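J.: here are the coordinates; sequence isn't available:
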């Protein structure tokens with residue numbers, strides 16, 4: 001996970017935001033269109049185009065049969081069964097290109113969300129820092145200690161739960177990319193906190209579980225760490241006419257890429 005995040009971040013940190021992070025619409029529209037074009041190229045090379053067209057034609061034919069023989073229940077039932085069968089064949093013809101597209105599509109989407117889904121917290125904000133210990137780790141929650149840099153203050157004493165979760169309420173006093181230090185047994189782990197200033201890629205979560213792939217703003221936690229997750233909340237970024245947050249960028253990405261794919265499929269000679 002660490003290698004993959006480092007590689008994709010190195011590539012996309014250089015490619016994204018060519019005009020800065022403020023005109024977010026440029027990347028949020030350009031990259032889904034490029035993803036749609038990539039999908040067309042992959043489909044043209046790897047899918048059974050004749051098989052897809054044949055399956056679609058036969059599904060259309062069976063739909064016509066249902067309309068034509070709508071007063072014959074047995075004929076309608078038979079045609080419906082044939083539609084399900086042909087639809088399974090159609091889906092089968094799509095599996096290889098979908099599998100190939102999964103990795104680049106997720107890489108682009110994750111990096112777009114990392115750069116544009118969230119905004120730095122405003123100066124003066126109070127947010128929760130949460131830490132979850134591995135249930136198997138031999139570390140007592142009361143021994144975990146937080147060390148704060150200048151510009152960040154503790155707003156309330158930490159809350160520690162019996163199941164290994166610890167929460168600190170922090171106040172952002174000055175702008176900057178602050179680094180918090182957490183001492184957990186023999187480990188010292190860090191967590192970034194982006195406060196104020198220009199829009200930029202912000203570090204939301206560090207974890208050693210699979211969803212570290214979804215949060216490339218910081219390196220994953222090391223394997224074998226006593227900590228499962230360290231996270232801070234950030235406000236969703238205002239993207240103007242485009243929906244913000246992770247769900248908004250997800251919807252924009254797939255919506256625009258699908259529109260681009262269907263609009264350009266004739267030019268590329270692709271049957272979907």
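T.: Perfect, thanks for sending it. Please read all numbers here as calculations on a predicted model, not as lab measurements.
J.: Which residue ranges of the stretch 51-200 of the chain form strands?
T.: Taking DSSP state E, counting those that start in this stretch as the criterion, the stretch 51-200 of the chain contains strands spanning 126-133, 145-147, 152-160, 165-172, 176-184, 187-195.
J.: which one of those lies closest to residue 45?
T.: Comparison of the strands of the stretch 51-200 of the chain against residue 45 by Cβ to Cβ identifies strand 187-195 as nearest, at 40.8 Å. Using the backbone N, CA and C atoms, a C-beta is placed for each residue, glycine as well.
J.: Please state the offset of that closest one from the chain centre?
T.: In terms of Cα atoms, centre = their mean, to the nearest Å, the centre of strand 187-195 is set 21 Å apart from its chain centre.
J.: Which residue ranges make up each domain of the chain?
T.: According to automatic domain parsing, the chain is divided into the following domains: 2-117+244-268, 126-232.
J.: what distance separates the longest one from the centre of its chain?
T.: In other words, domain 2-117+244-268. Centre-to-centre, domain 2-117+244-268 and its host chain are 16 Å apart (Cα atoms, centre = their mean).
J.: which outside residues touch stretch 70-89?
T.: Stretch 70-89 is contacted from outside by 51, 55, 58-59, 62-63, 65-66, 69, using Cβ atoms under 8 Å, 6 or more residues apart in numbering.
J.: Report the contact partners of the residue nearest to the spatial centre of the chain.
T.: The centre of the chain sits closest to residue 110, judged by Cα atoms, centre = their mean, with a distance of 3.9 Å. With contact set as Cβ under 8 Å, 6+ apart, residue 110 has these partners: 8, 213-214, 216.
J.: Among those, which pair sits farthest apart?
T.: Greatest spatial distance among the contacts of residue 110 (Cβ to Cβ): 8 and 214, at 11.6 Å.
J.: In terms of packing, which of those two has more residues around it?
T.: Each of residue 8 and residue 214 had its neighbours counted (other Cβ atoms under 10 Å), and the higher figure belongs to residue 8 (20 against 16).
J.: What helix or strand is that one located in?
T.: helix 2-15 (DSSP states H and E).
J.: residues of that helix that come out buried?
T.: When burial is assessed from 16 or more other Cβ atoms under 10 Å, helix 2-15 yields the following buried residues: 5, 8-9, 12.
J.: Repeat that for stretch 169-182.
T.: Applying a neighbour-count criterion of 16+ other Cβ under 10 Å, one finds 170-172, 175-176, 178, 180, 182 buried in stretch 169-182.
J.: Kindly reformat the residues you listed as CSV containing pLDDT.
T.: Below are those laid out as CSV (pLDDT from 0 to 100):
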residue, pLDDT
170, 96
171, 96
172, 96
175, 96
176, 95
178, 96
180, 96
182, 95
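J.: could you dump these to JSON lines with distance to residue 27?
T.: Formatted as JSON lines, the buried residues of stretch 169-182 follow (distance: Cβ to Cβ, whole Å):
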{"residue": "170", "distance to residue 27": "30"}
{"residue": "171", "distance to residue 27": "32"}
{"residue": "172", "distance to residue 27": "27"}
{"residue": "175", "distance to residue 27": "24"}
{"residue": "176", "distance to residue 27": "25"}
{"residue": "178", "distance to residue 27": "26"}
{"residue": "180", "distance to residue 27": "29"}
{"residue": "182", "distance to residue 27": "33"}
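J.: Of all pairs in the residues you listed, which one is the farthest apart?
T.: Maximum pairwise distance among the buried residues of stretch 169-182 (Cβ to Cβ): 22.2 Å, between 175 and 182.
J.: what does the helix holding residue 8 rub up against?
T.: Applying Cβ under 8 Å, 6+ apart, the contact partners of helix 2-15 are 107-108, 110-111, 114-115, 201, 212-213, 216, 219-220.
J.: after that helix comes which helix or strand?
T.: For helix 2-15, the following helix or strand on the C-terminal side (DSSP H and E) is helix 24-46.
J.: ok, residues contacting the helix or strand harbouring residue 258?
T.: Element membership of residue 258, judged by DSSP H and E, is helix 245-268. For helix 245-268, contacts defined as Cβ under 8 Å, 6+ apart pick out 28-29, 31-33, 35-37, 39-41, 44, 105, 108-109, 112-113, 116-118, 236-237, 239, 242-243, 271-272.
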